[in-house]
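Colleague: with the sequence up front, the predicted model follows.
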Amino acid sequence: MEQQTEESLNKTVSEEAEAKEVTTKRGVECFNGSNEEEHNKICLMRASVEEQDPSSKDVDDFMIRRFLRARDLDIGRASAMFLKYLKWRRTFVPNGFVSASEIPNEIIQNKMFMQGSDKQGRVIAVAFAGRHFPIKGGLDEFKRFVVFSLDKICSRMPTGQEKFAVIGDLEGWGYKSSDIRAYLGALTILQDYYPERLGKLFIIHVPNIFMAVWKVIYPFIDNNTKKKIVFVENKKLRSTLLEDIDESQLPEIYGGKLPLVPIQDS
């Protein structure tokens, strides 16, 4: 009897220690990579934005967290950014999505593709900037194309993944492709309305004349985004891409094994 009681006591102590260890672990990582401080701020921000805009109840905590991280966990700034996003989304995308029929002049340029994923599980998109030309649909249609593309990319992300990677191919780019208003419009949409989505941007086949435009765009790029941009030398193109992307997931045109799929067909 005494031995049984002792065994029961030891079991109880062991279970309590295990429970304490699990609780401690959850305190550090209580929300899929969030520590306790971040988790608490997610809750506080959610309460704040739901009071100001009831439609906030429809978004998940991952979205709240992305806006928080984009503003260095400052609840006030992140809430303002998020509420601005909700207002923009209702106005710019009233149907909840952009259809290919709304952006025919952009689709026909055949400049955006998606295929495969990198070693971190991030969906890969490939953009051919040299195929972009200002069109009769104007800046508004281009912005809708950007939203169409970003929504497509995000919809392809596997569960638990929040970021994507982009290969920005500038082969053939010239002043006829130069469209600073469009570039700044795309940058604004990405940074203000899809924060913490970009994981990495490889800029490849960079012509010297592009750097004049880059100097104009660069000041508008926030510091978090700048850290994710990599200019790749032509002679190191394949080896650099293979550091992040397995050959089986790399597009064929860069020495990999996957054919590219147009964004509208993905």
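Modeller: Structure's in. What do you need?

Colleague: show me what counts as buried in stretch 54-69.
Modeller: S56, V59, D61, M63, I64, R65, R66, F67, L68, R69 (16 or more other Cβ atoms under 10 Å). All C-beta spots, glycine's among them, are computed from the backbone N, C-alpha and C.

Colleague: and if you look at stretch 219-231?
Modeller: I221, T225.

Colleague: same check, this time on stretch 141-151
Modeller: The neighbour-count check on stretch 141-151 (16+ other Cβ under 10 Å) flags E141, F142, K143, R144, F145, V146, V147, F148, S149, L150 as buried.

Colleague: out of these, which are inside helices?
Modeller: Counting by DSSP state H, the buried residues of stretch 141-151 place E141, F142, K143, R144, F145, V146, V147, F148, S149, L150 in helices.

Colleague: hmm, the fifth one is touching I108, no?
Modeller: Right, F145. No: in this structure, F145 is not within contact of I108 by Cβ atoms under 8 Å, at 10.8 Å.

Colleague: where does the stretch 51-200 of the chain dip in pLDDT?
Modeller: 137 (pLDDT under 70).

Colleague: picking that back up, return the member of the buried residues of stretch 54-69 nearest to K227.
Modeller: R69 (13.1 Å; Cβ to Cβ).

Colleague: and the closest one, which of the three is it?
Modeller: Following DSSP: H, G, I helix; E, B strand; the rest coil, R69 is assigned to helix.

Colleague: which ones are touching it?
Modeller: By Cβ atoms under 8 Å, 6 or more residues apart in numbering, the contact set of R69 is P195, E196.

Colleague: relative to A125, which of the ones in helices among the buried residues of stretch 141-151 is nearest.
Modeller: Nearest member of those to A125, counting by Cβ to Cβ, is S149, at 7.2 Å.

Colleague: how about the contacts made by that closest one?
Modeller: Shown in contact with S149 (Cβ under 8 Å, 6+ apart): M112, A125, I263.

Colleague: quick one: the strands in this structure, in order.
Modeller: Secondary structure of the chain by DSSP state E: the strands cover 112-117, 123-128, 164-169, 198-204, 229-231.

Colleague: so what touches the second one?
Modeller: Pointing back at strand 123-128 there. Residues from elsewhere that reach strand 123-128 (Cβ under 8 Å, 6+ apart): 110-118, 149, 153, 156-157, 161, 164-169, 171-172, 245, 249, 251, 260, 263.

Colleague: among these, which ones are buried?
Modeller: 111-118, 149, 153, 156-157, 164-169, 245, 249, 251, 260, 263.

Colleague: in this protein, which residue is closest to the centre?
Modeller: R197 (1.6 Å; Cα atoms, centre = their mean).

Colleague: if I look at it, how far off is I103?
Modeller: In this view, R197 and I103 are 20 Å apart by Cβ to Cβ, to the nearest Å.

Colleague: just the CA trace of stretch 188-199, in PDB.
Modeller: The C-alpha trace of stretch 188-199 is given here as PDB (Å, rounded to 0.1, in the frame of the first residue of the first chain):
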ATOM      1  CA  THR A 188       2.200  51.300 -51.500                       C
ATOM      2  CA  ILE A 189      -0.200  48.400 -51.900                       C
ATOM      3  CA  LEU A 190       2.400  45.800 -50.700                       C
ATOM      4  CA  GLN A 191       3.600  47.800 -47.700                       C
ATOM      5  CA  ASP A 192       0.400  49.300 -46.500                       C
ATOM      6  CA  TYR A 193      -2.200  46.600 -47.300                       C
ATOM      7  CA  TYR A 194      -0.200  43.400 -47.400                       C
ATOM      8  CA  PRO A 195       2.400  44.000 -44.600                       C
ATOM      9  CA  GLU A 196       4.700  41.200 -43.600                       C
ATOM     10  CA  ARG A 197       3.800  39.100 -46.600                       C
ATOM     11  CA  LEU A 198       7.000  39.600 -48.700                       C
ATOM     12  CA  GLY A 199       9.700  37.200 -47.500                       C
END
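
Colleague: so what are the domain limits for this protein?
Modeller: When the chain is parsed with the TED database, its domains come out as 1-92, 100-265.

Colleague: mind checking the backbone torsions on G174?
Modeller: Backbone geometry at G174, expressed as degrees, to the nearest 10, gives phi -150, psi -180.
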